[in-house]
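In: from the sequence below, what's the structure:
(chains A and B)
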Amino acid sequence: MSEPILKVEGLQAKYGDFLAVESATLDVPAGKIVSVIGANGARKSTLMETIAGIHKPSAGKVTFKGEDITGMPAEKLVLRGLSLVPQGSRCFVRMSVEDNLIMGSYPKHARARVKESLDFVYQLFPVLKEKRHQPTSSLSGGQRQMVAIGRALMAWPDLILFDEISLGLAPAIIKDIYARIREINAGGTTVVLVEQDTNRAIRTAEYTHVMLKGRVVLSGRSKELGEEEIKKAYFGL
Amino acid sequence: MTVVIQMLINGILLGSVYALLGVGMSMIFGIVRLTNLAHGEFIIIGAYGSTLLSLALGVDPILTLVITVPVMFIAGVLIQTVLINRVMLQGSEPALLVTFGLSIILKDALLLLFTADARHANVPYSTATIRLPAGLHIAVLDLVVFAISLATILILTLFLRYTYMGRAIRATSDDTAAASLMGVSVRRTYGIAMGIAMATAAVAGLGVGMRWTFYPSSGGDYLLIAFGVVVIGGMGSIPGTLVAGLIFGLAQVIGGANYGMLISYLLLILMLAVRPQGLFSK
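Out: Reported below is the predicted structural model:
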């Protein structure tokens, strides 16, 4: 395994007194695609939001590119090269497609490259160029996901966390978005895919982590993990 | 017919000032999700600032904006970051109470500093009039204040639409968590939004000082107008604020001194019943 770009050790996250993530430990090797799978309620999203600085962890440690980033807020993590594409895309619905994308280049280091970044995103998702002046509220679910992915790419991150990117999308759109994710990874960006769709995630990712009720219960190379082993970890059998 | 056109002209000129009174409050409603009960006092501070500086420096009150706008911008940033951001962690109600307390403190401080005497910003063209065909006329003072109001709203609109900070403010008003994922510091953005709101209050205060007399206790009257304009226009909508200001202005002119306020607030009640989100809010 190559040097991890992201290292999560015993991470714990709470909502008030409720312990959402009990203890999550996982490594993300640089330049790879890693999947985090688990059933609904496995707290995958909470883990991603805690890593990305939306939630403050109550215990544990997160290291990104060798730096301790535990509890660092999201706005500082983007500057360091860590981006999250949140569940449900969360586009700025009152803003146009292009304004959403330009918001992605808000970090100072990305502003100088805004034109180049827009060209890159429009090349990746040509439909966004056609609809660049439209408000994102007028787009389909798949197109909103494209905006969310493009917006994250505008900051030129080293690591992108995709949280349930296929949720509620038609299979043809999912296939297209996954093809784009492979392209993004081929360009050198490390990718973490959080998914309920186990088969697709395992097929795409070189490494897989399985979560159950706020804990990472199984980790390994996707090809080496047995189907039965994954099923047991996924359902807690 | 001439009377109707004259009323329209007067209503539009008055409405532009009303829009200016409401624009800062609308921003804070839309972005920080806060009802700023001290906005009326901010406007009166702007009015005192322009009036007293123009007297002391012997310049046209408009030129005092060079000082009042940046000073009030900085004051707004400080009030938000030092005072309001801290209590906002406990929810919006404590923040509302802070602005209420701030309103009382500022009103009493103004009374202590400047007494209850009426003030007015004097300009040499205060009685000048432009005569138009068909017996129509426009007061130069009203036209100048109209131009200042429109210019302020236009600059604010361009700022929000085309600058990174403007986009960050709009993004924050849409979704704070998603904005922070873009690298936006929500607390800093709130501070800048309050700074801009206070800067617009400085300009609105100039308009108030030039058109009307004012006292330390006048803030409440202007807060009510601003509130009406914001609710009719739609919280957080700048074009909505402009249109609502013009509607309020026309209602005032049509109703005159006796029924102007009555018509305006009947419109407000009607709007709350029929379209509570306002004209332009989605």
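In: residues near residue A:186, how many?
Out: 10 (other Cβ atoms under 10 Å in any protein chain shown). (Glycine included, C-beta is placed from N, CA and C.)
In: pLDDT score for it?
Out: For residue A:186, the model assigns a pLDDT of 95.
In: and residue B:102, by the same measure?
Out: Checking the pLDDT column for residue B:102, the value is 96.
In: can you count the residues close to it?
Out: So residue B:102, with other Cβ under 10 Å, has 18 neighbours.
In: how about the helix or strand hosting it: buried residues?
Out: Applying DSSP states H and E as the criterion places residue B:102 in helix B:92-114. For helix B:92-114, a neighbour-count test (16 or more other Cβ atoms under 10 Å in any protein chain shown) marks B:95, B:96, B:98, B:99, B:102, B:103, B:106, B:107, B:110 as buried.
In: helix or strand for residue B:27, which one?
Out: helix B:2-31.
In: tell me which other helices or strands that helix touches.
Out: Here helix B:2-31 touches helix B:39-57, strand B:137-139, helix B:140-162, helix B:164-174, helix B:186-211, helix B:219-233, helix B:238-274, going by 3 or more Cβ pairs under 8 Å, 6 or more residues apart in numbering or on different chains; DSSP states H and E.
In: ok, 6 Å please
Out: If you count contacts as 3 or more Cβ pairs under 6 Å, 6 or more residues apart in numbering or on different chains; DSSP states H and E, helix B:2-31 packs onto helix B:140-162, helix B:164-174, helix B:186-211, helix B:219-233, helix B:238-274.
In: so how far is the shortest one off the chain centroid?
Out: Going back to what we said before, that points to helix B:164-174. 20 Å (Cα atoms, centre = their mean, to the nearest Å).
In: is that helix anywhere near chain A?
Out: Yes - using Cβ under 6 Å from any Cβ of the partner chain, helix B:164-174 comes into contact with chain A via B:167, B:170, B:171, B:174.
In: okay, that helix in CSV with CA atoms only?
Out: Extracted as CSV, the C-alpha positions of helix B:164-174 are listed here (Å, rounded to 0.1, in the frame of the first residue of the first chain):
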residue,chain,number,x,y,z
TYR,B,164,-16.1,36.5,-4.8
MET,B,165,-17.2,38.0,-1.5
GLY,B,166,-20.6,38.8,-3.0
ARG,B,167,-21.0,35.2,-4.2
ALA,B,168,-19.8,34.0,-0.8
ILE,B,169,-22.5,36.1,0.9
ARG,B,170,-25.2,34.6,-1.5
ALA,B,171,-23.9,31.1,-1.0
THR,B,172,-23.9,31.5,2.8
SER,B,173,-27.5,32.7,2.7
ASP,B,174,-28.4,29.5,0.7
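In: relative orientation of that helix and helix B:2-31 in degrees?
Out: On the basis of axes from the mean of the first three to the mean of the last three Cα atoms, to 10 degrees, helix B:164-174 is oriented at 80 degrees to helix B:2-31.
In: next: the fourth one.
Out: With the same axes, to 10 degrees applied, the angle from helix B:219-233 to helix B:2-31 works out at 90 degrees.
In: how many residues are close by the nearest residue to residue B:111 once chain neighbours are set aside?
Out: With Cβ to Cβ, 6 or more residues apart in numbering or on different chains as the criterion, residue B:111 has its nearest non-adjacent residue at 4.2 Å, and that residue is residue B:216. Neighbour count of residue B:216, defined by other Cβ under 10 Å: 22.
In: identify the residues contacting residue B:216.
Out: B:107, B:110, B:111 (Cβ atoms under 6 Å, 6 or more residues apart in numbering or on different chains).
In: could you identify which of the helices and strands packed on helix B:2-31 is most buried?
Out: The highest average neighbour count among the helices and strands packed on helix B:2-31, using mean count of other Cβ atoms under 10 Å in any protein chain shown, belongs to helix B:186-211 at a mean of 26.
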